[in-house]
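# Based on what follows, work out the 3D shape:
(chains A and B)
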Protein chains: 2
Amino acid sequence: MRRTAFFVSDRTGITAEMLGHSLLTQFEDVTFHRVTLPYVDTPEKAVEVALEIRKHSVIDGCRPLVFSTVVDPIIRKLTHVPEALVIDFFEMFIGPLEAELGQDSSHTVGKSHAIVNFEEYKNRIDAVNFTLNHDDGVMPRDLSEADLILVGVSRSGKTPTCLYLALQFGIKAANYPLTPEDFGNHTMPKLLLPYRNKLFGLTIEADRLTEIREERKPDSKYSSVENCRFEIAEAEALMRHVGVPYLNTTRMSIEELATTIMHRTGLVRRTY
Amino acid sequence: MRRTAFFVSDRTGITAEMLGHSLLTQFEDVTFHRVTLPYVDTPEKAVEVALEIRKHSVIDGCRPLVFSTVVDPIIRKLTHVPEALVIDFFEMFIGPLEAELGQDSSHTVGKSHAIVNFEEYKNRIDAVNFTLNHDDGVMPRDLSEADLILVGVSRSGKTPTCLYLALQFGIKAANYPLTPEDFGNHTMPKLLLPYRNKLFGLTIEADRLTEIREERKPDSKYSSVENCRFEIAEAEALMRHVGVPYLNTTRMSIEELATTIMHRTGLVRRTY
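Sure thing, here's the model as predicted:
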């Protein structure tokens, strides 16, 4: 049986999707048909949404789930249809918070992912630009501005992790590949030495690395499992020797890598 | 008065932060000191967290707020201290969902941001690589693989928006700058013509564009307000002429841009 899960919001829908998703992953045996309905910001759109939800209760033969982060009370009321199970975040939590803080909430729509603070927003864009300009060993300026420098063999996951850190947390994250030229020196590349305390390593299992590199350069020495095994062993030995902490990316998502690095290094996010 | 807000999770803490942040933005007059405590995955760590929360209730002279997405019932219990207001996400919603779905939840930690599905994860990394390889008019391969092609004047916000779409939604988003060479032709650059239905435009106000370009090339023709005004007017005229929908990025966050584009184009996210 298929259940439709709606994510309803008067703004982007990102919070509704994330909250709903984290709850739905707890029910592995059910197949969910996910529908995001963002920018439901007028009574007219709310009435349409209510119709859409009702329609699915008939088509599916069971009650849809509705995960709602709608802030506006009128729109919230219009989208609460009895034919669905409505999980309403604001309704549930805003009351206890108002009581605790001794204040009414502003009931203002769309604060969460809007540009609340231009300075904060600029930091974030600057971090993205810094990360793009200091990717894969390209280091146009010195690295004193970097918050973090990821090192690891080619295709170990450095670039997506850096981009996530920059986009989501406003962290200026450079990355530098450890290549066969760096092995045997028993020290990090010269460029990185002044910034040893900003270094963090990524490593990966050889089989997965081969799989990833095969897509880029099939049947090459670069992607062979022997070479991958050699590069990984050398890179790990080097990181251990220099005292650079490292993570194995093989079974971790980008989110897990990024948050674990933040946690281990003590870096604090610059943007929400 | 300063209130401490804790975001507590047995995994990344991303969901707890987002939930808490979306609620806290509703209380503008309170200053919050935000502390994320991720990876609280053992009873020992939970006891430490409880101590930390208690400590802040004394230091601050008021009850901390605790936004928790802890799934494990034992750890949840240990972190629920009476000295704080605990907003417990799973406790609140998992019961109604279990009743509705007629199933027990798996009570499994960390499904939400872990690699649930390797195929989905690969799609996401592929999208990031595609976007990086098709940035700022660099088009090594033809664009038939692209889900979306953003166009707009230099520094209108194309790159961060594309990266967000790739990282968060698994969308292959290329971007192409509209430059003075393209104006006066009354048509899009030749390379883009076969993909007209994939085009989406970004525009921006001249004052903001000048501000952004000044940081890159101060006192240049490129960044002058006259030139910015000219480029924007030409780019908008071109997009209108060709029938490319466009958004003004000046007061929008990256999240708002990305979700609005998804919504308007009907693209569906490839990854959660």
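# ok now do residue A:100, which residues does it touch?
B:63, B:65, B:85 (CB atoms under 8 Å, 6 or more residues apart in numbering or on different chains). C-beta here means a position set from N, CA and C on the backbone, and glycine is covered the same way.
# could you measure it against residue B:92, distance?
16 Å (CB to CB, to the nearest Å).
# Residue A:50 too?
24 Å.
# And these two? Which one has more around it.
Comparing residue A:50 with residue B:92 by other CB atoms under 10 Å in any protein chain shown, the one with more neighbours is residue A:50, at 20 against 13.
# Can you list the residue ranges for strands in chain A?
A:2-8, A:31-37, A:65-68, A:85-88, A:148-152, A:173-177, A:199-203, A:246-248 (DSSP state E).
# The third one near chain B at all?
Yes: under the criterion of CB under 8 Å from any CB of the partner chain, chain B is reached by strand A:65-68 at residue A:65.
# In contact with the nearest residue to residue A:168 once chain neighbours are set aside: list those residues for me.
Once flanking residues are discounted, residue A:168 sits nearest to residue A:258: 6.9 Å by CB to CB, 6 or more residues apart in numbering or on different chains. By CB under 8 Å, 6+ apart, the residues touching residue A:258 are A:161, A:164, A:165, A:168, A:169, B:12.
# Any idea how many residues pack against residue A:136?
Neighbour count of residue A:136, defined by other CB under 10 Å: 14.
# how deep is the closest residue to it other than its chain neighbours tucked in, by neighbour count?
In this structure, residue A:136 finds its nearest non-sequential neighbour in residue A:177, 6.0 Å apart by CB to CB, 6+ apart. The local packing of residue A:177 (other CB under 10 Å) involves 21 other residues.
# do the same with residue A:266
Residue A:266: 6 neighbours (other CB under 10 Å).
# Which neighbouring elements make contact with the lowest-mean-pLDDT helix or strand in chain A?
Among the helices and strands of chain A, helix A:118-133 carries the lowest confidence by mean pLDDT, DSSP states H and E, at a mean of 89. Contacts defined by 3 or more CB pairs under 8 Å, 6 or more residues apart in numbering or on different chains; DSSP states H and E place helix A:118-133 against helix A:158-169, strand A:173-177, helix B:158-169.
# Quick one: closest of these to residue A:142.
strand A:173-177 (10.4 Å; CB to CB).
# that older thread, quick one: contacts of the least confident helix or strand of chain A?
By CB under 8 Å, 6+ apart, helix A:118-133 touches A:115, A:140-141, A:145-146, A:162-163, A:165-167, A:169-174, A:270-272, B:135, B:159-160, B:163, B:253-254.
# ok, 6 Å please
Helix A:118-133 has contacts (CB atoms under 6 Å, 6 or more residues apart in numbering or on different chains) with A:115, A:140, A:162, A:166, A:167, A:170, A:171, A:172, A:173, A:270, A:271, B:160.
# Need the max-distance pair from those residues.
A:115 and A:140 (28.2 Å).
# out of the helices and strands packed on helix A:118-133, nearest to residue A:263?
helix A:158-169 (11.6 Å).
# Near chain B, which residues of chain A are found?
A:12, A:14-15, A:18, A:21-23, A:25-28, A:30, A:38, A:85, A:87, A:92-93, A:97, A:100-101, A:103, A:105-106, A:111-115, A:125, A:128, A:160, A:163-164, A:167, A:253, A:255-256, A:259, A:263, A:272 (CB under 6 Å from any CB of the partner chain).
# pLDDT below threshold where in chain A?
A:1, A:109-116 (pLDDT under 70).
# Which members of the residues of chain A next to chain B are classed as buried?
A:12, A:14-15, A:18, A:21-23, A:25-27, A:30, A:38, A:85, A:87, A:93, A:97, A:100-101, A:105, A:111-115, A:125, A:128, A:160, A:163-164, A:167, A:253, A:255-256, A:259, A:272 (16 or more other CB atoms under 10 Å in any protein chain shown).
# Residue A:27: what's it in contact with?
Per CB under 6 Å, 6+ apart, neighbours of residue A:27: B:101, B:103.
# Output the contacts of helix A:118-133 in JSON lines; the columns should cover distance to residue A:80.
Shown next, in JSON lines, are the contacts of helix A:118-133 (distance: CB to CB, whole Å):
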{"residue": "A:115", "distance to residue A:80": "30"}
{"residue": "A:140", "distance to residue A:80": "54"}
{"residue": "A:162", "distance to residue A:80": "42"}
{"residue": "A:166", "distance to residue A:80": "39"}
{"residue": "A:167", "distance to residue A:80": "34"}
{"residue": "A:170", "distance to residue A:80": "36"}
{"residue": "A:171", "distance to residue A:80": "40"}
{"residue": "A:172", "distance to residue A:80": "44"}
{"residue": "A:173", "distance to residue A:80": "43"}
{"residue": "A:270", "distance to residue A:80": "37"}
{"residue": "A:271", "distance to residue A:80": "33"}
{"residue": "B:160", "distance to residue A:80": "36"}
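# Please enumerate the helices of chain A.
Remark: helices assigned in chain A by DSSP state H are A:14-24, A:43-60, A:73-79, A:89-101, A:118-133, A:158-169, A:206-216, A:225-242, A:254-265.
# Pop the domain breakdown of chain A in here.
Using automatic domain parsing, the domain parsing of chain A gives A:2-101, A:118-265.
# can you list the ones you listed in JSON lines and add distance to residue B:232?
What follows is the domains of chain A, written out as JSON lines (distance: least, CB to CB, whole Å):
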{"stretch": "domain A:2-101", "distance to residue B:232": "25"}
{"stretch": "domain A:118-265", "distance to residue B:232": "19"}
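# In this structure residue A:33 contacts residue A:4, no?
Yes: the pair residue A:33 / residue A:4 is scored as a contact, 4.7 Å apart, by CB atoms under 6 Å.
# Compare neighbour counts for those two and give me the winner.
Comparing residue A:33 with residue A:4 by other CB under 10 Å, the one with more neighbours is residue A:4, at 21 against 13.
# ok, so of the contacts of residue A:258, who is nearest residue B:247?
residue A:168 (21.5 Å).
# any idea how far that closest one lies from residue B:18?
Applying CB to CB to residue A:168 and residue B:18 gives a distance of 10 Å.
# Then residue A:268?
17 Å.
# can you count the residues close to residue A:179?
14.
# An error on my part: the question was meant for residue A:76.
21.
# Now it: closest residue in space that isn't a chain neighbour?
Spatial nearest neighbour of residue A:76, chain neighbours left out: residue A:70 (4.6 Å); criterion: CB to CB, 6+ apart.
# Tell me how many other residues surround the one you found.
28.
# Just read off the phi/psi values of residue A:249.
phi -90, psi -10 (degrees, to the nearest 10).
# So it sits against residue A:203, correct?
No: judged on CB under 6 Å, residue A:249 makes no contact with residue A:203 at a distance of 7.0 Å.
# any idea how far residue A:261 is from residue A:219?
Separation of residue A:261 from residue A:219 (CB to CB) stands at 34 Å.
# For the two, indicate the residue with more neighbours.
Under the criterion of other CB under 10 Å, the comparison of residue A:261 against residue A:219 puts residue A:261 first, with 23 against 8.
# who's in contact with residue A:13?
Residue A:13 neighbours (CB under 6 Å, 6+ apart): A:7, A:36, A:38.
# Which residue is the nearest non-sequential neighbour of it?
Nearest residue to residue A:13, sequence neighbours excluded (CB to CB, 6+ apart): residue A:38, at 3.5 Å.
# The one you found: what's it in contact with?
Contacts of residue A:38 (CB under 6 Å, 6+ apart): A:9, A:12, A:13, B:259, B:263.
# do the same with residue A:189
residue A:182.
# go with 10 Å
A:137, A:139, A:151, A:176, A:177, A:178, A:179, A:181, A:182, A:238 (CB atoms under 10 Å, 6 or more residues apart in numbering or on different chains).
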